[in-house]
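Asks: Sharing a sequence plus its predicted fold:
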Amino acid sequence: MSTERQRPKGGAGRRNRSESEPSAEEQQAARDHVRIERRTLLKQALGVGGACAAAGWVSLAPPSWPLSLRDPDGERGKPAIPVRRLPEGGFRVADAPSVADLGVAHGTSVKEMVRAAVAGIGGIERFIDKGDVVVIKPNVAFERPAALGATTNPEVLVALIELVREAGAAEVRVADNPIESPESCFTRSGIRGATLQAGARLFLPEPSQFELLGTEGATWISRWPFFWRPFDGANKVIGVSPIKDHNLCRASMTTKNWYGLLGGRRNQFHQDIHGIIADLALMLRPTFVVLDATRVLFRSGPTGGSLGDVKQGNTIVASRDSLAADAFGWDRLLERQGEPLPAYFEKAAARGLGQPDWRKLALQEVNVG
Amino acid sequence: MAKQGDGGGTKGEDRIFVRDGFRSFRRTYRVREVYWGAGTGAVLIGIVGWVGWKGVHPDPTLFDMSAALSGNASAGAPPVDAPRRASERLGAPRAPATESGASAEQRGPLPAGLGAGAFQEGKVGHYSADDMYIKINGRAGYFQSFGARSLTTIALEGPAAGGAPSSVDIELYDLGESRNAIGAYNGERPPGVEATVADGSTYHFDRNAAFLARGPYYARFIGSDESAPVVAEVRRLLELFRREIQGEALPWGFALFVDALKYPASAVTYVKSNAFSFGFARDVYKVSLSPADSQEDMEAFVVAAADAAAALEQAGRYAEGFGSLGAAAGQTPAKVKLFKDEYLATYSGATAYERWVFGVRGAPGVSRAAEVLEQVRAGLAGLPEAVRARAVPSADLDAPAGGDYGAAPAPDPAPLPASEPAPAAGAPGAERSSEPDEAEATGAGKPGEEGSDEY
């Protein structure tokens, strides 16, 4: 059906037509035509009006209203990036009230110390089941030989990997994200060789291996790029960190160690170093942590450089509570007992993430070979 | 249906969509028109597909919150090396700035021909003040507080020893002025470690490593171990840098404390900011006066002001600062007000002489405080004219740390030729190995003690 009228061709024709009387058929046809056109007009007006109203609704209605597509700040137009989340409650295992909270081993044999410290908190079988996929996070932050104390002792890492594998882990993954050249850091620190020697799988950071991680309740990293790939499919996480002086947060130990899993321009977090460390404690609740105090970088941290800044600690600490392990390290290994703990302890403890007063916890301390 | 050469509007064709009216229509189209239509349609479909693909593969930088979190993350000078790729913002790891075979520009102030014998030059890295955290994450703020301008690094790789490769890493910090270099050096020098001051260089060895302040540079030579070849290489590199890097006369504060007052050079240090934990206390030279094995922490200090009025005003602020830590405790025979620390029970005070502020902090008694103040006053009064001319405020105090310092030359440096012979004994820059007991007495240079709010 058309809404267009037939136009007479030429002015002369129009005059001739108007002068002659229309026939009855023509008059009836004209009436029908008018009726049909009005109905069509009404229908079409209704359709157009409805379409305009609908368009107005979806485009102008407030974003919270149904069917609204309004996007005043452009945020709705962005595609949603999937936000990863670590397991609720972290990677912790069930409590065992009858065993110690802190396992401390002193000696000179690294292997024996690692085993004794873990045995002190219930043994590796308490934490690792057959078939587990375990991530071990050492500190490989700097391109320094391990003897300078700025990175995890490779011998400790080897002993830990062997222990985990003996417990039946299906796969052991070693990962860190040094801000400097990762390959050089892993190689010169000896961590690369140790990982491969012990039969674990090494994850060097690549941009494609980072995902946005959501951490509910975190101040700075509620959504932040995270070295996700090693954690994909993992069900246990162990941190193994050296004990170091740190000129910003005063001491870098197992809690600060998780910093190495962050991507992005994480150096800006140094502006609130204690806040970010408290966030890290919230972000990752490990299966347990190992404080590697075979060497202690007691000054000029976190980079160190001189062997004069390093003393032999000959100690390994294991705990499910990283704050307790760190507080023990502060008092007994960095020998700063009497000085107030760095502020991040209080911030993390206020969130219920650990017990900085390690004296309130059960301690098993042994001397081994 | 298309029909080759069949034009539109042929008489007798049935109208397809518009059965009346005057719209133009055609029932058939040329093949060429169909091709064009199909091509246009394909382009449109391609655009739609591209938009859809981009939608599910967004640019990660769109979601990079770091700039917002840092506030002024990249507000300063851009990094020296290539700009970051978008992926690096998410994934973080970055390659060193430059690799071996770097140009002279990339090597910056590094002397040529560092590799010798069994040790060969490895990769070179060059970092600005803004991105030196890549190399020394967690420590960058320390050097920025001393006005760091750049960091140049190089690794010298040696033969394997005991199954592990040996190496010496060199970190060369350009701190703009010799006083900054000495301040940073002393801040890292462990208590009790003696520094040697010779030919415009201040340095010491520490087992596997050596540390050198020379001119505006602070260099760290870090051996991988303390084996004989590594230590020998560290010593060789130290001597090479002392020879090849241009030195400067030591800052004027050394002329006062060392030449005039005869304190050991290693007891003297420079604090660029936040001295004594006073936010206003900047550009301070101080000398430690207490034996290392004592509980005392007594220091004398001096600050250059623009003129006598400014010196008086600053001295008042120091006095006010000391007063805030305790209570008034009389005055010296020279009418300098002293304040007794509420907790430490030590005496401190400050006053002005001409256009210099000077004072004492942590004296065990009023008489000792008065004695030290009188010594410093006498030293200032006897400064040679050449030193007085150099004893002016630092030119870069108002510049942002680690940022653009501008082109204003510092008043202090009096360049020495790289190979200039040692000055005569007693002259600035003459060799002065401090006495062991006094070196230990400094207390200066405790890492993290001073230099910024964080240290």
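Replies: Looks like it arrived, so ask away. Numbering: from 1, shown residues only, chains lettered A, B, ... in the order given.

Asks: Per-residue pLDDT of the closest residue to chain B within chain A, please?
Replies: Chain B sits closest to A:P207 of chain A, with a gap of 2.7 Å, by C-beta to the nearest C-beta. C-beta here means a position set from N, CA and C on the backbone, and glycine is covered the same way. pLDDT recorded at A:P207 is 89.

Asks: what ranges do the strands span in the stretch 1-150 of chain B?
Replies: Taking DSSP state E, counting those that start in this stretch as the criterion, the stretch 1-150 of chain B carries its strands at B:120-128, B:150-161.

Asks: rewinding a little: please tell me how far the residue of chain A closest to chain B sits from B:T332.
Replies: According to C-beta to C-beta, to the nearest Å, A:P207 stands 65 Å off from B:T332.

Asks: These two: which is more packed in?
Replies: Neighbours per residue (other C-beta atoms under 10 Å in any protein chain shown) separate A:P207 from B:T332, with B:T332 holding more: 20 against 17.

Asks: so how far is B:A363 from that one?
Replies: B:T332 is 10 Å from B:A363, by C-beta to C-beta.

Asks: list residues touching both of these two?
Replies: B:A369 (C-beta atoms under 8 Å, 6 or more residues apart in numbering or on different chains).

Asks: Need the residue closest to the centroid of chain A.
Replies: In chain A, the residue lying closest to the centroid (C-alpha atoms, centre = their mean) is A:L213, at 3.5 Å.

Asks: and whichever strand or helix holds that residue, which strands flank it?
Replies: Here A:L213, judged by DSSP states H and E, is contained in strand A:210-214. Strand A:210-214 sits in its sheet next to strand A:83-84 (parallel), strand A:223-227 (antiparallel), going by DSSP bridges.

Asks: Pipe those into a markdown table and attach mean neighbour count and distance to A:P72 per row.
Replies: Shown next, in a markdown table, are those (neighbours: other C-beta atoms under 10 Å in any protein chain shown; distance: least, C-beta to C-beta, whole Å):
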| stretch | mean neighbour count | distance to A:P72 |
| --- | --- | --- |
| strand A:83-84 | 14 | 23 |
| strand A:223-227 | 23 | 22 |
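
Asks: hmm, back to that, which outside residues touch the strand holding A:L213?
Replies: Residues outside strand A:210-214 that contact it (C-beta under 8 Å, 6+ apart): A:81-86, A:221-229, A:263, A:283, B:63, B:90-92.

Asks: what about stretch A:110-130, distance to the chain center?
Replies: 27 Å (C-alpha atoms, centre = their mean, to the nearest Å).

Asks: in it, what's buried?
Replies: Buried residues in stretch A:110-130, counted by 16 or more other C-beta atoms under 10 Å in any protein chain shown: A:110-122, A:124, A:126-128.

Asks: mean confidence score for it?
Replies: Averaged over stretch A:110-130, pLDDT sits at 97.

Asks: what's the span of that stretch from first residue to last?
Replies: Length of stretch A:110-130, first residue to last, C-alpha to C-alpha, to the nearest Å: 25 Å.

Asks: so how many other residues sit close to A:E162?
Replies: Count around A:E162 with other C-beta under 10 Å applied: 18.

Asks: Could you write out the alpha-carbon coordinates of stretch B:120-129 in CSV?
Replies: Written as CSV, here are the backbone C-alpha positions of stretch B:120-129 (Å, rounded to 0.1, in the frame of the first residue of the first chain):
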residue,chain,number,x,y,z
GLN,B,120,84.6,-9.5,29.8
GLU,B,121,82.1,-6.7,29.5
GLY,B,122,78.5,-8.0,29.5
LYS,B,123,75.3,-6.1,29.2
VAL,B,124,75.0,-2.4,29.8
GLY,B,125,71.9,-0.8,31.4
HIS,B,126,71.1,2.8,31.6
TYR,B,127,68.3,4.1,33.8
SER,B,128,66.9,7.5,34.5
ALA,B,129,65.9,8.6,38.0
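
Asks: All set, thanks.
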